[in-house]
Each structure stands twice: as C-alpha cells, then as structure tokens.
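Participant: Below is the structure, and that's it, no one-letter string:
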C-alpha cells in the first residue's frame with residue numbers, strides 16, 4: 001500500500017511539472033510546451049540577428065566606398081590649399097577661399113541634378129524600368145545646360161565674378177587665372193555627379209569609389225607637377241583640378257560596358273517634369289554642397305570686415321580642413337541612399353529602421369573622431385598651411401578649428417536624417433533639414449554671434465546652427481515619423 005502511495009505521489013508530481021511547462025494559447029485554445037516556445041523564440045531571435053547582420057554588411061558595402069570616395073575628393077582640395085600656400089602664401093589661400101563659393105554653387109547644382117536623378121532612378125527601377133531608363137539621359141542634358149552660364153562667365157568676365165566675391169586688387173592679381181579656368185571646366189564638374197551617382201546606384205559603388213579616388217590622386221600629383229616643375233603657379237592648380245572630373249567620368253564609363261550595367265542612354269526629349277521630380281530628391285545634395293559655399297561666402301564678408309585678409313586666410317585653413325569632415329558625413333548620407341531606396345521600394349520597414357540606425361551610429365562615430373582630432377592636432381595642422389609662419393594666422397585658425405569642429409556631432413545627425421528622408425521619398429522633410437542647417441540657421445547665427453563675440457562668434461556659428469537644427473527638426477519632424485522609433 002505504501003509503494004502504491006509513493007508511485008501515485010510521483011505521478012502527481014510529474015503531472016504538475018508537466019503542466020507547469022505548458023502555456024495556454026488563446027489563439028488556438030490549446031496548450032503548448034514552454035520548450036517549444038523557447039525554441040521558436042530562439043529561432044526568431046537568430047533570424048532577427050541574421051537580418052541585422054545582413055543589413056549592416058550590405059550597408060557597409062555602400063557606405064565605405066562612398067566615404068573613401070568623398071574623402072579623396074576633399075583631400076585634393078586640401079592638396080590645392082597646401083600647394084597654393086607654398087607658392088603664394090596667405091594671399092593665395094585668400095584667393096582660393098574666395099573661389100570656393102563658386103565651386104560650391106557648381107557642385108550644388110550638379111549634385112542636385114545628378115544625385116536626385118540617380119535616386120529617382122533607383123526608386124523607379126523596381127516598379128517601372130522603362131520610365132527609369134529616361135533619368136540618365138535627362139540628367140546629362142540638364143547638367144550640361146546648367147553648366148553653360150558658368151563657362152560663359154569664365155570666358156568673358158571672371159574678374160567681375162572674383163570682385164563680387166570680395167577680392168581687392170592684390171587678390172585679383174593672384175586669383176584671376178584660377179577663377180577663369182575653374183569656371184571654364186564647369187561642364188566637367190557638373191556632369192561628373194551624374195556619372196558617379198548613377199554608377200553607384202546601379203550596384204557598382206566600388207567603381208564610383210575608384211573613379212573618385214583616382215581623380216583625387218591625379219589632381220594631387222598634377223597640382224605639384226604643373227605648379228612647381230612646370231612653373232604654372234595658380235593656373236596649374238586650377239588646371240589639375242579641372243581635369244580631375246574627366247578622369248573620374250572615364251573610369252565610371254567602364255561600368256557601362258559591364259554585364260551588370262542597367263543604365264541606358266535613351267533618345268527622349270528632355271523632360272522638365274523628370275527634372276523637377278529628381279531635384280525634389282536632390283535638394284539635400286544641393287544644400288549639402290551649397291551650404292559650404294554659402295557659409296564660406298558669409299564668413300568671408302564678415303571676417304573681411306572684422307580683421308581683413310589674414311582672417312579670411314585663417315578661415316580658408318579651417319574651412320578646407322572642415323571639408324574633409326563634411327565629405328565623410330556626406331559619404332555616409334549618400335552611401336545609405338541606394339540601399340534605403342531599394343528597401344523603401346520593397347516596403348521593408350524593418351530594414352529601413354536598421355539602415356537608419358546603423359548609418360547614424362557610423363556618422364556619430366566619425367563626428368566624435370573629428371572633434372578629438374581637431375582638439376589635439378589643430379596647431380600642427382594649421383602650421384602645415386602656414387608657410388609664411390604668420391603668428392596671427394596661426395592664432396586665428398587654431399582656435400577657429402577647435403571651435404568650428406564642435407559642430408560635427410550635430411551635423412552628423414542632420415546629414416543622415418536628411419539623406420534618409422530623401423532616399424525614402426520624403427523630399428519635404430529632407431528639404432526642411434537641409435535648408436535650415438545649410439542656409440538659414442548658419443547665416444543668421446554668423447551675423448548674430450559675430451556682433452556679440454567678434455571672430456569667436458564666427459567660429460561658433462557652425463556648431464550652434466547645427467545644434468539648433470538638430471533640436472528643432474527632431475521635435476517637429478520626428479514626433480510622428482522617426483524611423484528609429486518605428487513610428
């Protein structure tokens with residue numbers, strides 16, 4: 001009897017444990033074992049982890065080539081600055097800095113047409129390949145047409161353009177030839193954006209990277225060769241810079257003959273409608289390029305009034321160093337766009353969130369590194385471009401670089417937000433961010449802070465405007481639409 005009682009007790013205990021390992025599923029009215037659910041949960045987590053890694057890997061395959069390519073582009077600007085400082089000193093840097101806003105306008109229009117058209121091409125290719133084919137030809141036509149006024153100005157009145165940028169007689173004597181050549185090569189600069197953007201968005205980011213890096217290396221080498229061994233001075237620097245996009249377009253053309261090419265040059269009448277639709281997505285690229293030109297022009301005028309040409313030369317050093325940081329962030333923004341556009345076309349919201357999150361992490365990491373490097377190496381970097389050993393230029397530029405670079409964390413958030421919105425068809429949101437940070441806020445704060453704090457206020461205008469844009473757009477735009485929050 002005692003044995004039967006013990007057996008019954010063990011059976012009851014076993015049943016209670018078995019029932020404790022079960023869970024009621026109201027959807028089916030049945031019980032399922034916890035072990036089964038744990039297995040399904042583990043498989044779900046493994047699937048999500050695999051999806052996360054796949055998104056991150058593919059995103060890196062786009063972002064890394066773009067970051068390297070944009071770094072190469074910015075490095076040849078630094079090379080220009082270095083060689084010109086060696087040949088012409090502070091006067092040459094001032095002349096170059098007065099030309100930079102003109103470059104900014106050419107690059108802005110070219111990028112708006114080229115990158116906007118390539119983004120629209122990516123969005124339409126999955127839905128309507130026949131319509132998508134028309135965007136490449138359309139982009140080439142309008143980019144070439146938009147470049148003609150710049151080329152005409154270079155041929156007939158480059159001196160008037162340079163005077164309008166604030167040049168006096170001394171600067172005009174140094175920079176006139178450079179301005180003339182730069183304007184005449186406007187078609188090459190502007191068409192290059194169409195070539196690189198379409199090749200990148202057609203699944204060949206490595207070709208676009210190779211084109212941009214090779215053109216940058218070409219520019220650096222021929223800067224030296226033309227300026228010093230051949231004795232061409234500022235004209236040699238301008239000629240090397242003007243020929244570099246030709247090298248880039250030739251390398252991009254290799255992709256057009258590859259089996260993986262989907263880009264078609266079709267005979268269609270130029271379409272204003274396609275241009276407008278493309279530019280609505282290219283406004284971020286436009287403001288991204290134009291903002292540096294506007295900032296440079298506004299800062300030049302303010303600094304000329306505060307401390308003359310030496311302050312403009314100091315800002316030239318700061319601005320050209322900052323171009324590297326801006327290029328890195330633009331590389332992240334442009335790198336995420338093809339992949340984000342593809343996932344948007346497939347309505348894959350989870351992948352879009354992951355793309356946004358990983359891109360933001362990469363951009364903020366780059367920004368933090370830039371702030372640290374500027375804080376530690378501002379002095380040595382300024383001395384590289386200060387061939388005349390000007391103590392005043394060194395004092396202005398060293399402080400300026402450390403303060404100016406504090407704006408990159410805010411810029412990282414704003415650039416990635418704007419790029420993501422553009423890639424996912426939300427042109428209005430991306431335009432608000434781009435115009436606010438690149439034009440409105442920085443201009444207003446430059447005038448307000450310079451009146452309050454002098455030259456220090458000029459350096460602070462960039463970080464304050466980026467933080468202002470971060471706070472304002474984060475509250476207005478992301479209250480309902482932040483992809484990171486899944487809303």
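Facilitator: Cool, the structure landed. Computed from a predicted structure; not experimentally measured. Numbering: from 1, shown residues only.
Participant: With adjacent residues omitted, what lies nearest to residue 155?
Facilitator: For residue 155, ignoring the flanking residues on the chain, the nearest one in space by Cβ to Cβ, 6 or more residues apart in numbering is residue 184 at 6.5 Å. In this view, the C-beta of every residue, glycine as well, is placed from N, C-alpha and C.
Participant: Show the contacting residues for that neighbour.
Facilitator: 151, 154, 155, 242 (Cβ atoms under 8 Å, 6 or more residues apart in numbering).
Participant: how close does it get to residue 154?
Facilitator: Going from residue 184 to residue 154 by Cβ to Cβ, to the nearest Å gives 4 Å.
Participant: ditto for residue 428
Facilitator: Residue 428 is 36 Å from residue 154, by Cβ to Cβ.
Participant: Please say which of those two ends up with more neighbours.
Facilitator: Using other Cβ atoms under 10 Å as the criterion, residue 428 and residue 154 rank with residue 154 on top: 19 against 10.
Participant: Tell me the secondary structure at the more buried one.
Facilitator: Following DSSP: H, G, I helix; E, B strand; the rest coil, residue 154 is assigned to helix.
Participant: can you give me the helices for the stretch 251-400 of the chain?
Facilitator: Ranges of helices in the stretch 251-400 of the chain, per DSSP state H, counting those that start in this stretch, are 272-307, 309-345, 349-385, 391-404.
Participant: whoops, I mixed them up, the stretch 1-150 of the chain
Facilitator: Here the stretch 1-150 of the chain has its helices, by DSSP H, counting those that start in this stretch, at 2-20, 34-125, 129-132, 134-156.
Participant: Give me the below-cutoff pLDDT ranges for this structure.
Facilitator: 1-51, 126, 288, 475-487 (pLDDT under 70).
Participant: Find the residue at the geometric middle of it.
Facilitator: What sits nearest the mean C-alpha location of the chain, by Cα atoms, centre = their mean, is residue 330, with 1.1 Å.
Participant: Distance of it relative to residue 299?
Facilitator: Counting by Cβ to Cβ - residue 330 and residue 299 are separated by 20 Å.
Participant: And the contacts of stretch 354-361?
Facilitator: Residues outside stretch 354-361 that contact it (Cβ under 8 Å, 6+ apart): 51-52, 55-56, 59, 63, 332-333, 335-336, 339-340, 343, 412-413, 416, 419-420, 483-484.
Participant: In PyMOL, how would I pick out whichever of these are buried, leaving the exposed ones unselected?
Facilitator: A single PyMOL command selects the buried members of these (16 or more other Cβ atoms under 10 Å):
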select buried, resi 55+56+59+63+332+333+335+336+339+340+343+412+413+416+419+420+483
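Participant: Could you dump the helices of the stretch 251-400 of the chain into TSV with distance to residue 436 added?
Facilitator: Output for those, formatted as TSV (distance: least, Cβ to Cβ, whole Å):
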stretch	distance to residue 436
helix 272-307	9
helix 309-345	16
helix 349-385	18
helix 391-404	19
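Participant: nearest to residue 259, of those helices?
Facilitator: Among those, the nearest to residue 259 by Cβ to Cβ is helix 309-345 (19.1 Å).
Participant: Find out how far that closest one is from the centre of the chain, if you would.
Facilitator: Mean-position distance between helix 309-345 and its chain equals 4 Å (Cα atoms, centre = their mean, to the nearest Å).
Participant: What of stretch 352-369?
Facilitator: The answer for stretch 352-369 is 13 Å, by Cα atoms, centre = their mean.
Participant: swap in stretch 246-261?
Facilitator: The answer for stretch 246-261 is 22 Å, by Cα atoms, centre = their mean.
Participant: Pull out the buried residues from that stretch.
Facilitator: 247, 248, 249, 251, 252, 255.
Participant: Test my guess that residue 177 contacts residue 239.
Facilitator: No - Residue 177 is beyond contact range of residue 239, at 9.6 Å (criterion: Cβ atoms under 8 Å).
Participant: Give me the more crowded residue out of these two.
Facilitator: Taking neighbours as other Cβ under 10 Å, residue 177 and residue 239 compare with residue 239 leading, 23 against 19.
Participant: so which helix or strand takes in the more buried one?
Facilitator: Per DSSP states H and E: residue 239 is located in helix 233-252.
Participant: what angle do that helix and helix 34-125 make?
Facilitator: Helix 233-252 and helix 34-125 are oriented at 120 degrees to each other (axes from the mean of the first three to the mean of the last three Cα atoms, to 10 degrees).
Participant: Tell me which other helices or strands helix 233-252 touches.
Facilitator: Applying 3 or more Cβ pairs under 8 Å, 6 or more residues apart in numbering; DSSP states H and E, one finds that helix 233-252 makes contact with helix 34-125, helix 169-184, helix 186-201, helix 205-227.
Participant: how about stretch 149-159: buried residues?
Facilitator: 150, 153, 154, 158.
Participant: Same check on stretch 363-377?
Facilitator: 363, 364, 366, 367, 370, 371, 373, 374.
Participant: got these as CSV, with distance to residue 354 columns?
Facilitator: Converted to CSV, the buried residues of stretch 363-377 look like this (distance: Cβ to Cβ, whole Å):
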residue, distance to residue 354
363, 15
364, 16
366, 19
367, 20
370, 25
371, 26
373, 29
374, 31
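Participant: which of those lies closest to residue 95?
Facilitator: Comparing the buried residues of stretch 363-377 against residue 95 with Cβ to Cβ places residue 374 closest, at 25.0 Å.
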